[in-house]
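> give me the fold of what follows.
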Amino acid sequence: MSKRGLSLISSLISPDLGRKKQALSRDYDKENEKESDSDAIVLDQTKASKEIMKRPSTTAANKFVNRVVKLLGDNKDDKNEDDPINLHVLEVLSQMDFYKNMRMREALKLTDICENLCQMLQSLPSSSLTVGKKEDVSFKIVTLIVDLTHMDTKGSFRERFASFDCLSLLIQQMKSYPDNEKLQETACRAIDNICAYMRYNYSDTSSKTKKLFHDGIHNSDNLQTFYDTMKKYTGNRCIHMRIIACLYVYLILHTNNENESFIKDLLITMGFTELIYNALETNANYENDKDDDDDSSSTSLMKMCLLILKVMAQYEKQTRIFLREKDGIFTLATLINTFHPSNPTNTNSEKEEAIHILNLSMELLQTVYDNTETNSITA
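Residues are numbered from 1 along each chain as shown. Modelled structure (predicted):
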């Protein structure tokens, strides 16, 4: 580590982190102001009084963030992931709130932040940190991954995290700290963000990244972690919705033969059908959705449950038998009545989503009941 690097870290980290952060912010503003001044452009030269507009510059942000991220990776070759400097830099990054600070997040695109965070997650189990400290570091890294992949429509971070096998690393964090519900939920958000990228960019994704995604999901140990998490946190809609979304993305991206095996040998055998249906049935009778986050509402969860149950029922008879034996017709009838436009009690403000749930319920009802098959596997 260079003297300059150590000097930067010592100026960033102290027992009074809040005061140092304020000093750091003032230094950053001064540097940014100087560089913005140098970028000033003159508008309407013919006017007697020239108007000056300062063009926004990210140069200062780029330099600052690049220095910090470089420090995070400086010890990577030394296999010393629990070095205090790495932990201090991680603390600095976790205080920057990249979820909202879009300009600073933009600057991170030019750094090795994705690789460095994945490297830290990979090395965390073998570090000399205490179990409690490992859990704290894990949560901070996972939170950073969520912040960076949030609303990343161009995939600048999502694609890179996917290429570094971040999906499997996130599932490993869930497996390592099963009692930390907040970490479980945050990891599920990050996984969902990566899966969303794969869903809409699969054809343009490298064969290596596709294989990492396939191996990360089509894995009995990882699926067992998903199952255990859903079973443990039955009331956490965010966890359920995002795990189900991940499984759904896998199904729509793979071939019929692969899906039949995946559904029958893994999802049904491990008990996912019951977990998904129970979530659908519970939320079908849930009325108070006003205070819920938009991305973890009961409506959003029901939509995901219907989507994956429809695919599973189309591929595998055992799913159709399960729904009939559970009297799923009553749950589907409740959904059809609730979300039908003619229902005067339907106060759902998202009309388009309400119609989507209505249509999915009717399609699943037809798939399960509009046939002459019996509830026998051999028939």
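
> every contact and neighbour count from this point should use C-alpha atoms.
OK.

> A helix includes D152, no?
No - read with DSSP: H, G, I helix; E, B strand; the rest coil, D152 is coil and lies in no helix.

> what's around it, how many residues?
15 (other Cα atoms under 10 Å).

> gap between it and Y99?
Using Cα to Cα, to the nearest Å, we find D152 at a distance of 10 Å from Y99.

> same deal with F330?
According to Cα to Cα, F330 and Y99 sit 41 Å apart.

> tell me which of the two has more neighbours.
Shown here are F330 and Y99; by other Cα under 10 Å, Y99 has more neighbours (17 against 13).

> contacts only, for K208.
S163 (Cα atoms under 8 Å, 6 or more residues apart in numbering).

> can you give me the helices in the stretch 101-250 of the chain?
102-108, 113-123, 131-149, 158-163, 166-176, 181-201, 207-217, 220-232, 237-253 (DSSP state H, counting those that start in this stretch).

> residue contacts, the most centrally placed residue in the chain?
Nearest to the mean C-alpha position of the chain, by Cα atoms, centre = their mean, lies A190 at 2.2 Å. Contacts for A190 were tallied using Cα under 8 Å, 6+ apart; they are V142, I145, V146, T149, L170.

> OK, contacts around the residue nearest to S168 when sequence neighbours are not counted?
Using Cα to Cα, 6 or more residues apart in numbering and skipping residues adjacent in sequence, the residue nearest S168 is G216, 5.3 Å away. Contacts for G216 (Cα under 8 Å, 6+ apart) come out as D165, L167, S168, N222.

> how close does the first one get to T319?
Computed as Cα to Cα, the D165 to T319 distance reads 31 Å.

> and if you look at the second one?
Distance from L167 to T319, counting by Cα to Cα: 27 Å.

> just F330 next, same as before
In terms of Cα to Cα, F330 sits 16 Å off from T319.

> picking that back up, which one's more surrounded, D165 and T319?
Taking other Cα under 10 Å, D165 and T319 do not tie; T319 has more neighbours (23 against 20).

> wait, that one touches V311, no?
No - counting by Cα atoms under 8 Å, T319 stays clear of V311, with 9.6 Å between them.

> and the pLDDT for the residue nearest to H214 when sequence neighbours are not counted?
Once flanking residues are discounted, H214 sits nearest to Y250: 7.6 Å by Cα to Cα, 6+ apart. pLDDT for Y250: 96.

> do E51 as well
39.

> what is the end-to-end distance of stretch 156-172?
Termini of stretch 156-172 sit 23 Å apart (Cα to Cα).

> try stretch 230-239
For stretch 230-239, by Cα to Cα, the gap between its terminal residues amounts to 7 Å.

> tell me the mean pLDDT for it?
96.

> just give me how far it sits from the chain centre.
Its chain's average C-alpha position is 16 Å from that of stretch 230-239, according to Cα atoms, centre = their mean, to the nearest Å.

> and L360, what element?
Using DSSP states H and E, L360 falls within helix 351-369.

> alpha carbons only: can I get that helix in CSV?
The C-alpha trace of helix 351-369 is given here as CSV (Å, rounded to 0.1, in the frame of the first residue of the first chain):
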residue,chain,number,x,y,z
LYS,A,351,-55.6,-1.5,-13.1
GLU,A,352,-53.2,-2.9,-15.6
GLU,A,353,-51.7,-5.2,-13.0
ALA,A,354,-55.2,-6.2,-11.7
ILE,A,355,-56.2,-7.3,-15.2
HIS,A,356,-52.9,-9.2,-15.5
ILE,A,357,-53.7,-11.1,-12.3
LEU,A,358,-57.3,-11.7,-13.5
ASN,A,359,-56.0,-13.2,-16.8
LEU,A,360,-53.4,-15.3,-15.1
SER,A,361,-55.9,-16.8,-12.7
MET,A,362,-58.3,-17.7,-15.5
GLU,A,363,-55.4,-19.2,-17.6
LEU,A,364,-54.2,-21.3,-14.6
LEU,A,365,-57.8,-22.4,-13.9
GLN,A,366,-58.2,-23.6,-17.5
THR,A,367,-54.8,-25.4,-17.5
VAL,A,368,-55.6,-27.3,-14.2
TYR,A,369,-59.3,-28.1,-14.7
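
> and it, how far from the chain's centre?
26 Å.

> buried set for it?
A354, I357, L358, N359, L360, S361, E363, L364, L365, V368 (16 or more other Cα atoms under 10 Å).

> just stretch 267-278 next, same as before
L267, I268, M270, F272, T273, E274, L275, I276, Y277.

> please tell me I have it right and the fourth one contacts F226.
No - at 9.3 Å, F272 and F226 do not qualify as touching, with contact defined as Cα under 8 Å.

> which residues are contacting the helix holding L360?
Here helix 351-369 has contacts from 302-303, 306-307, 309-310, 313-314, 320-321, 323-324, 329, 332-333, 335-336, 339-341, 348, using Cα under 8 Å, 6+ apart.
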